[in-house]
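Engineer: here are the coordinates; sequence isn't available:
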Ligand SMILES: *Cc1c(COP(=O)(O)O)cnc(C)c1O
């Protein structure tokens, strides 16, 4: 108890007095200016130059050809699945240790998830577990991957970069090629993370980012789909509006559209936030170094990004010994005005996901009981 309290004081020595939030946004750049420009222009809704500019900035930053801005990260994931050819009744391989939106988007597309374990090194989908599950449960016939128990097509694989720590995308991409699976990258937490010289968000056939209020940059609410595939981009643009066939005045819609486009107002915020991304990344790296030292001096295990990768340090995490220890630290944090957080309830335990296939999920269970996320905002 004494040790835990001293540790919490160590967090105070990083962030200072008062309530310390897990991750709050900061608006110290051109946010007000761009929002005002946006209001002055009258283009506040789903058309406007800010949207196009924000998409361009993201294409350049991530190094992909096409970006489509959406109303949320969840809608970006949903559209990513729809536009890459995931059909109702298909199965999609993903991880259980993730935010609920990852799994929800699979259900939204009418597909069903299969939960694969995460790796001890990355906290994201484990390529070995993925291969093992596929070799025991799937076969490829005429370039289509079939689940030998359900007879359903397995169409896609959707790993997630947990807390910004890059998943082993190179190994996962190899498995996906072998099994003819579309690779959908849930990069919601990983803007600014990279593996070697490649950015997270550029590995999948299609990727999604989130700009929710707690992410590394925010548009209030929003997301973005990124891809190098012109057909995916075109389809994504079509379904994320109202699927209207362009015409001077006629209203003809050739399929179900979802009205998922990002409003210009939100894109204005996104443009201003992107100008500060490198500053955020630098300050967050400093915070993570302080946490590494703090954890080391108290004998806690700080979770470090895997070798050869660069994390954006979105959410710092330590891995404690037991669930009881975790709960004691979380309680003390709450009593002392520090917003510490456990991992998400793993998806395979939630009511709407409970009946789907999983592998053993040993590491998922291990991490779920022991993760403590530490306050990780960019300091004032
Ligand atoms: C934040 C997040 C999303 C999408 O979130 P929205 O709130 O819809 O923008 C998706 N997946 C993961 C892993 C996330 O953390």
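Structural biologist: Alright, I've got the coordinates. Note that the structure is predicted; figures quoted are calculated from it, not measured.
Engineer: Contact residues of this structure facing the ligand?
Structural biologist: The chain has residues 72-74, 77, 98-99, 101-102, 160, 186, 188-189, 210, 212, 223 near the ligand, with proximity defined as Cβ under 6 Å from any ligand atom. For glycine as for every other residue, the C-beta is placed from the backbone atoms N, C-alpha and C.
Engineer: among the residues you listed, which are in helices?
Structural biologist: Among the residues of the chain next to the ligand, DSSP state H puts 73-74, 77, 101-102 in helices.
Engineer: The residue of the chain found nearest the ligand and residue 317, how far apart?
Structural biologist: For the chain, the residue closest to the ligand is residue 73, as judged by Cβ to the nearest ligand atom, at 2.6 Å. Computed as Cβ to Cβ, to the nearest Å, the residue 73 to residue 317 distance reads 20 Å.
Engineer: Can you measure across stretch 19-27, start residue to end residue?
Structural biologist: One end of stretch 19-27 to the other measures 19 Å (Cα to Cα, to the nearest Å).
Engineer: Leaving out sequence neighbours, find the closest residue to residue 174.
Structural biologist: Excluding the flanking residues, the one nearest residue 174 by Cβ to Cβ, 6 or more residues apart in numbering is residue 127, at 7.7 Å.
Engineer: Next: residue 153.
Structural biologist: Distance criterion Cβ to Cβ, 6+ apart; nearest residue to residue 153, sequence neighbours excluded, is residue 90 at 5.1 Å.
Engineer: contacting residues around the one you found?
Structural biologist: 109-112, 152-156 (Cβ atoms under 8 Å, 6 or more residues apart in numbering).
Engineer: Pick out the most distant pair among the residues you listed.
Structural biologist: Spatially, the most separated pair among the contacts of residue 90 is 110 and 154, at 14.5 Å (Cβ to Cβ).
Engineer: just to revisit the earlier point, buried subset of the contacts of residue 90?
Structural biologist: 109, 111-112, 152-156 (16 or more other Cβ atoms under 10 Å).
Engineer: Model confidence for residue 367, exactly?
Structural biologist: In this model, residue 367 is scored at 98, pLDDT.
Engineer: Could you tell me how many residues sit around it?
Structural biologist: Residue 367: 21 surrounding residues under other Cβ atoms under 10 Å.
Engineer: Quick check: it touching residue 118?
Structural biologist: Yes: counting by Cβ atoms under 8 Å, residue 367 touches residue 118, with 6.6 Å between them.
Engineer: Overlap in contacts, those two.
Structural biologist: residue 97.
Engineer: Tell me where the stretch 201-350 of the chain has helices.
Structural biologist: Along the stretch 201-350 of the chain, counting by DSSP state H, counting those that start in this stretch, helices occupy 230-239, 264-275, 277-298, 323-335.
Engineer: What residues of the last one count as buried?
Structural biologist: Right, the one you point to is helix 323-335. Under the neighbour-count criterion of 16+ other Cβ under 10 Å, helix 323-335 has 326, 329-330, 332-333 buried.
Engineer: And the contacts of it?
Structural biologist: With Cβ under 8 Å, 6+ apart, helix 323-335 has contacts from 1, 4-5, 7-8, 320, 339-342, 369-372.
Engineer: if you set the cut-off to 7 Å instead, what comes out?
Structural biologist: 4-5, 8, 320, 340, 342, 369-370, 372 (Cβ atoms under 7 Å, 6 or more residues apart in numbering).
Engineer: cool, and the second one?
Structural biologist: Contacts of helix 264-275 with the rest of the structure, by Cβ under 7 Å, 6+ apart, involve 29-31, 34-35, 37-38, 43-45, 47-48, 50-51, 53-54, 57, 69, 211, 217-222.
Engineer: In helices only, show me those residues.
Structural biologist: Among the contacts of helix 264-275, DSSP H puts 31, 34-35, 37-38, 50-51, 53-54, 57 in helices.
Engineer: From these, list the buried ones, please.
Structural biologist: Among those, those buried by neighbour count (16+ other Cβ under 10 Å) are 31, 34-35, 37-38, 50-51, 53-54, 57.
Engineer: I'd like those written out as JSON lines, with distance to residue 258 added.
Structural biologist: Shown next, in JSON lines, are those (distance: Cβ to Cβ, whole Å):
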{"residue": "31", "distance to residue 258": "28"}
{"residue": "34", "distance to residue 258": "27"}
{"residue": "35", "distance to residue 258": "26"}
{"residue": "37", "distance to residue 258": "28"}
{"residue": "38", "distance to residue 258": "23"}
{"residue": "50", "distance to residue 258": "21"}
{"residue": "51", "distance to residue 258": "16"}
{"residue": "53", "distance to residue 258": "23"}
{"residue": "54", "distance to residue 258": "20"}
{"residue": "57", "distance to residue 258": "24"}
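Engineer: Done for today, thanks.
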